[in-house]
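K.L.:
got a predicted structure here, sequence first:
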Amino acid sequence: MHPVNSAPSDEFARLYRNHHGWLVQMLRRRLNGDAENAADLAHDTFERVMRNELHTPLTEPRGFLTTIAKRLLIDQFRRCAIEQAFLETLMSREEEFAPSPETQVLVIEALDAVCRMLEQLPPRVRKVFVLAQVEGLPYQRIAHTLNISVQAVQRDITKAWQHCYQVLYT
């Protein structure tokens, strides 16, 4: 986590003062009136702006803020979907195998990180990787399913693993 500059620049203060209310209202509309979540996302948006320290005035501040807020909203929706799928899976299992609430949070965070990592891959590479690693299909079957060569499957798997390594160790 990066330290937050405790004395925000004049440009940031002006941006916040002029656009915070507008951003909260825009997010509230997108969230079907959920004012609390809208306020949290607006806060997260401005926190991200502050962490990146504006050095020049923005020509399109609302567009800039909207882009950041939409990305945060997408992240939130993805995380909720992951959490819901995980909880549904837990509900279908016997109660004696239920992990603790702390373990559930850790699993959801790990699943979210894996999903974010996979989303960064090109579509075919992601598909090949999921078919091999999640579905357990052999390379020959993946090649046949996607109408590509086995060598292309091998290259895509290599690209996917390189990406995973890069994300984890850089």
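P.N.:
That came through fine. Numbers count the residues shown, from 1 in each chain.
K.L.:
quickly find the element holding the residue nearest the centre of the chain.
P.N.:
For the chain, D75 is the residue whose C-alpha lies nearest the centre (C-alpha atoms, centre = their mean; 3.9 Å). Secondary structure assignment for D75, by DSSP states H and E: helix 61-91.
K.L.:
what helices and strands are in contact with that helix?
P.N.:
Packing partners of helix 61-91 (3 or more C-beta pairs under 8 Å, 6 or more residues apart in numbering; DSSP states H and E): helix 10-30, helix 35-51, helix 101-119. All C-beta spots, glycine's among them, are computed from the backbone N, C-alpha and C.
K.L.:
tell me which of the ones you listed lies nearest to E60.
P.N.:
helix 10-30 (11.1 Å; C-beta to C-beta).
K.L.:
need the helices and strands packed on helix 61-91 in TSV (columns: mean pLDDT and distance to V167).
P.N.:
TSV is the format used below for the helices and strands packed on helix 61-91 (pLDDT from 0 to 100; distance: least, C-beta to C-beta, whole Å):
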stretch	mean pLDDT	distance to V167
helix 10-30	91	29
helix 35-51	92	20
helix 101-119	89	5
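K.L.:
want to throw those helices into TSV with distance to V130?
P.N.:
Below are these laid out as TSV (distance: least, C-beta to C-beta, whole Å):
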stretch	distance to V130
helix 10-30	30
helix 35-51	29
helix 101-119	7
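K.L.:
could I get these as TSV with distance to Q162 and mean neighbour count?
P.N.:
Converted to TSV, the helices and strands packed on helix 61-91 look like this (distance: least, C-beta to C-beta, whole Å; neighbours: other C-beta atoms under 10 Å):
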stretch	distance to Q162	mean neighbour count
helix 10-30	36	16
helix 35-51	28	17
helix 101-119	12	13
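K.L.:
which among those helices is found nearest to T66?
P.N.:
helix 10-30 (7.0 Å).
K.L.:
now that closest one, how far from the centre of its chain.
P.N.:
22 Å (C-alpha atoms, centre = their mean, to the nearest Å).
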